[in-house]
Structure formats: structure tokens, C-alpha cells
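**Q** Need a 3D model of the sequence below.
(one chain, ligands or ions: 2)
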Amino acid sequence: MDTYNAILKKDEPHKINITKNISRIDLTWSSVIYQIKGKNVLDNLDGYALHGQVTAIMGSSGAGKTSLLNALSCRLEKGWQTKISGSIFANDIKLTNELFGKIAAYVMQQDILMETLTPRG
Ligand SMILES: Nc1ncnc2c1ncn2[C@@H]1O[C@H](COP(=O)(O)OP(=O)(O)OP(=O)(O)O)[C@@H](O)[C@H]1O
Ligand SMILES: [Mg+2]
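**A** Ligands and ions are numbered 1, 2, ... in the order given. Down below sits the predicted model:
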């Protein structure tokens, strides 16, 4: 987060109002914990993905890449065996499922629709 704060100080346009300009959005997250059945799948993560840059998440199978993406896209749900905590911001606005739908799209790792099906309007 220190690096991100340093970048913010240098470059004020990052603070652009999200509703007025959705082309420059920085995603930041801190203290993200995702626990399944007592196991920390995401263990207190901080990070950022700045606008205009490609950010790659790398790690071995089972490292938690998909879980992190699910967390960042507000797709994780609290259940009786899961706990989620931490904060995720789009610029300076707390990210919600509704806001995510307005500013981003998420292509999942696995297709959930059959490729032979066609959409009907
Ligand atoms: N619904 C779940 N129930 C129990 N454990 C889970 C569940 N989802 C993820 N995990 C566990 O969380 C860890 C991270 O899984 P995740 O799918 O996020 O990893 P990944 O880095 O995306 O792996 P891959 O490269 O194989 O896609 C793994 O140990 C996995 O077994
Ligand atoms: Mg994955």
C-alpha cells in the first residue's frame, strides 16, 4: 500500500470521481482474508491494480488466484463455512457487486454455459 500511496501523491488524476470518469479506475485492496472451513485461502492480502496497466496474478495451482479474482469482483459469498473480511476500493469508493458490474467485466476460468448453446433475445 505504501507504493500505491506514493503513486497517488505523485499523480492526482487517480482521484477522479468514478461516476464522472470510469476510464481511469485503480483497484486497491487491503487485509483481504477468505477462509473456507477454517483454512485461510486468502491470507491477509494487500495489493493494487492500476488503470492503464496489465496486472498479472501468478502462482501455482491452488495458490488462490481464482479466489482472489472472485474476491476482487465481489463474487464471494459468506456462508456457514466461509468468512470474508478486508476492504476493496475502486479509486476511493468501496467496491460492491453493483459497482463492479458498472465498471468491469469478469471472464471466469471455466465456462458455465455450453458452447453449443445460442442466446435468444
Ligand atoms: N469451494 C471450496 N471449498 C474448499 N476449498 C476451496 C474451495 N475453493 C477453493 N478452495 C481451495 O482454495 C485454494 C485456492 O484455490 P483457487 O481455485 O483459488 O486456486 P488457483 O490459484 O486459482 O488454482 P488453479 O491454478 O488450479 O486455477 C485451494 O487450496 C483450493 O482447494
Ligand atoms: Mg484458478
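**Q** only C-alpha atoms for contact and neighbour calcs from this point on.
**A** Will do.
**Q** tell me what the strand or helix carrying residue 32 is packed against?
**A** Assigned by DSSP states H and E, residue 32 belongs to strand 27-36. For strand 27-36, the elements it packs on are strand 39-49, strand 82-90, judged by 3 or more CA pairs under 8 Å, 6 or more residues apart in numbering; DSSP states H and E.
**Q** most packed of those?
**A** Mean neighbour count (mean count of other CA atoms under 10 Å) peaks for strand 82-90 among the helices and strands packed on strand 27-36, with a mean of 18.
**Q** So is that strand next to ligand 1?
**A** No - Strand 82-90 stays out of contact with ligand 1 when judged by CA under 6 Å from any ligand atom, the minimum separation being 8.8 Å.
**Q** how far does the strand holding residue 32 sit from the chain's center?
**A** 9 Å (CA atoms, centre = their mean, to the nearest Å).
**Q** And stretch 36-53, by the same measure?
**A** Using CA atoms, centre = their mean, the offset of stretch 36-53 from its chain centre is 8 Å.
**Q** hmm, who's touching it?
**A** With CA atoms under 8 Å, 6 or more residues apart in numbering as the test, stretch 36-53 has contacts from 1, 4, 23-35, 55, 63-64, 67-68, 81-83, 86.
**Q** Report the mean per-residue pLDDT for that stretch.
**A** On average, the pLDDT along stretch 36-53 is 95.
**Q** Quickly check: that stretch near ligand 1 or not.
**A** Yes - counting by CA under 6 Å from any ligand atom, ligand 1 is contacted by stretch 36-53 at 36, 41.
**Q** what's near enough to touch the most centrally placed residue in the chain?
**A** The residue lying closest to the centre of the chain (CA atoms, centre = their mean) is residue 72, at 1.8 Å. Going by CA under 8 Å, 6+ apart, residue 72 touches 29, 88.
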